[in-house]
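# Give me a 3D structure for the following:
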Amino acid sequence: MVRTKAKTKPLVEIYTDGACSGNPGPGGWAAILRFGEHEKTISGFDPSTTNNRMELTAALKALQELNQPCRVKLHSDSSYLINAFEHKWLDKWIKNNWKNAAGNPVINPDLWRALLQENDRHDIEWIKVRGHADDEDNIRCDKMAVDEIKRRQ
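Just a heads-up that it's a prediction; the model follows:
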């Protein structure tokens with residue numbers, strides 16, 4: 001009997017960051033995507049937003065760049081983003097009809113729903129990095145996000 005090797009999902013490393021000038025205010029987001037030797041950077045701007053919204057947007061836009069289901073190591077300095085997945089906040093919010101622990105509506109439900117779809121499509125490891133510390137790729141993403149704001153103001 002000949003065994004066929006199961007197709008392994010490709011591994012993609014992603015770094016993301018969001019920035020805001022004021023909160024709310026003009027914002028930028030950025031991501032670095034790596035697959036083997038290949039690297040792609042993406043970034044964008046929103047004229048009126050919040051820092052958390054930019055953090056979520058960076059992760060979402062990066063995941064949407066992937067044209068097939070992948071294994072993903074997603075690095076972010078956003079505790080809000082990482083904890084929502086790693087500490088099962090999203091499961092609780094959904095169970096409580098998109099209300100948080102205080103009983104208030106969850107902020108950014110549109111982005112959370114889209115991120116949940118991407119989380120279902122990919123095998124994602126959500127990794128928290130220290131912001132503005134010694135992580136070179138986090139620093140690059142921060143600079144790209146801030147540059148998006150500077151270019152448009």
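# what's the host helix or strand of A114 packed up against?
For A114, the host element (DSSP states H and E) is helix 109-121. When contacts are defined as 3 or more CB pairs under 8 Å, 6 or more residues apart in numbering; DSSP states H and E, helix 109-121 sits against helix 51-64, helix 89-95. Just so you know, the C-beta spots here come from the backbone N, C-alpha and C atoms, and that holds for glycine as well.
# Helix or strand for R151, just tell me which one.
Going by DSSP H and E, R151 is in helix 136-152.
# What's opposite S43 in the beta bridge?
Beta-bridge partners of S43, counted by DSSP bridges, are A30.
# circling back to that earlier point, tabulate the helices and strands packed on helix 109-121 (JSON lines), appending distance to G27, mean neighbour count and mean pLDDT.
Shown next, in JSON lines, are those (distance: least, CB to CB, whole Å; neighbours: other CB atoms under 10 Å; pLDDT from 0 to 100):
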{"stretch": "helix 51-64", "distance to G27": "4", "mean neighbour count": "23", "mean pLDDT": "98"}
{"stretch": "helix 89-95", "distance to G27": "22", "mean neighbour count": "15", "mean pLDDT": "96"}
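# List the contacts of R130.
D77, N138 (CB atoms under 8 Å, 6 or more residues apart in numbering).
# Can you lay out the helices and strands packed on helix 109-121 as a markdown table showing distance to I124?
A markdown table is the format used below for the helices and strands packed on helix 109-121 (distance: least, CB to CB, whole Å):
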| stretch | distance to I124 |
| --- | --- |
| helix 51-64 | 8 |
| helix 89-95 | 12 |
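# closest one to I107 among the ones you listed?
helix 51-64 (7.1 Å; CB to CB).
# who touches the following helix or strand past the closest one?
Note on helix 51-64: by DSSP H and E, the next helix or strand toward the C-terminus is strand 71-76. Residues from elsewhere that reach strand 71-76 (CB under 8 Å, 6+ apart): 9-17, 55, 58-59, 62-63, 66, 82, 122-129, 135, 137-138.
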